[in-house]
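[1] coordinates for the following, if possible.
(one chain, ligands or ions: 2)
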Amino acid sequence: MEIKSSEFVISAPNVNQCPNDIKAEYAFIGRSNVGKSSLINMLCNHKGLAKTSSTPGKTLLINHFIINKEWYLVDLPGYGFAKRSKTVQKKLQNMISSYILQREQLVNTFVLVDIRHSPMAIDVDFINWLGQSNVPFAIVFTKADKLTPSKARQNAEAWMEKLKESWEELPPYFVTSSEKRTGRDEILNYIESINKSLKGDNSEIII
Ligand code: GTP
Ligand code: MG
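    Ligands and ions are numbered 1, 2, ... in the order given. Just a heads-up that it's a prediction; the model follows:
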């Protein structure tokens, strides 16, 4: 799929203030600093579209970007950043969970995990919560440029094997690097296939 345009629309502090629109949305979630905002910029070929930082905790609101004037990418705050106060952590947790559970336009959530680490409880708990809540998701391994291609593939496979212990059916997964632009076509093709299936649907959501 070709990205012809990508524009920032709004930063919302809660789900009620997200765009009043029924176009399909794809959200990016994962631990702080995993590379959510960088991945959005890489997919859109648009440096600086989503704000990135080497310090965790950069994204604090629900950010909507409209792509090709047809559908949205949504950058969410990260979870699991220990240096935040309990009150802020709770507020962000509520923001994320109410967006994911209430936003009917959300057709797929990409859960990002750092390819260098074996599964962490916080990621597995989040994935289990998505599954139990019947929220469609895919897994995106980030920062693959930090490993050799074979080690990256091996880590991704081991991660998915671990997930198999709690889930019979595994979600799709993608190995990516925003630095090297790895995985871009695969993710965009995946989004395109969902967009196409929505077009053929009688769904309320349009693209
Ligand atoms: P929060 O908004 O704080 O939750 O972080 P985020 O998940 O949006 O991460 P962000 O995109 O801001 O990136 C965090 C850091 O990781 C930045 O220093 C990026 O340059 C770096 N980074 C992101 N993706 C990659 C990647 O694919 N490879 C490498 N080497 N670094 C990356
Ligand atoms: Mg961010």
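[2] count of neighbours near the residue of the chain found nearest ligand 1?
    The nearest approach of the chain to ligand 1 comes at Gly78, 2.7 Å away (CB to the nearest ligand atom). Every C-beta, even on glycine, is put in place using the N, C-alpha and C of the backbone. Gly78: 24 surrounding residues under other CB atoms under 10 Å.
[3] buried ones in the host helix or strand of Leu198?
    Following DSSP states H and E, one finds Leu198 within helix 184-199. Buried residues in helix 184-199, defined by neighbour count with 16 or more other CB atoms under 10 Å: Arg184, Ile187, Leu188, Tyr190, Ile191, Ile194, Asn195, Leu198.
[4] interface residues of the protein facing ligand 1?
    Taking CB under 6 Å from any ligand atom as the measure of proximity, the chain contacts ligand 1 at 32-38, 52-54, 56-59, 77-78, 142-143, 145-146, 177-179.
[5] same for ligand 2: which of these are within range?
    Among these, the ones lying near ligand 2 by CB under 5 Å from the ion are Lys36, Ser37, Lys58, Thr59.
[6] determine the longest strand present in the protein.
    strand 106-114 (DSSP state E).
[7] report the strands that pair with that one, each with its relative direction.
    If you go by DSSP bridges, strand 106-114 pairs up with strand 25-30 (parallel), strand 137-142 (parallel).
[8] CSV for those strands, including mean neighbour count?
    Converted to CSV, the strands paired with strand 106-114 look like this (neighbours: other CB atoms under 10 Å):
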stretch, mean neighbour count
strand 25-30, 24
strand 137-142, 22
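[9] reformat the ones you listed as CSV; add mean pLDDT.
    Formatted as CSV, the strands paired with strand 106-114 follow (pLDDT from 0 to 100):
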stretch, mean pLDDT
strand 25-30, 98
strand 137-142, 98
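[10] who wins for proximity to Gln105 among these?
    The closest of these to Gln105 is strand 25-30. By CB to CB, the value is 4.6 Å.
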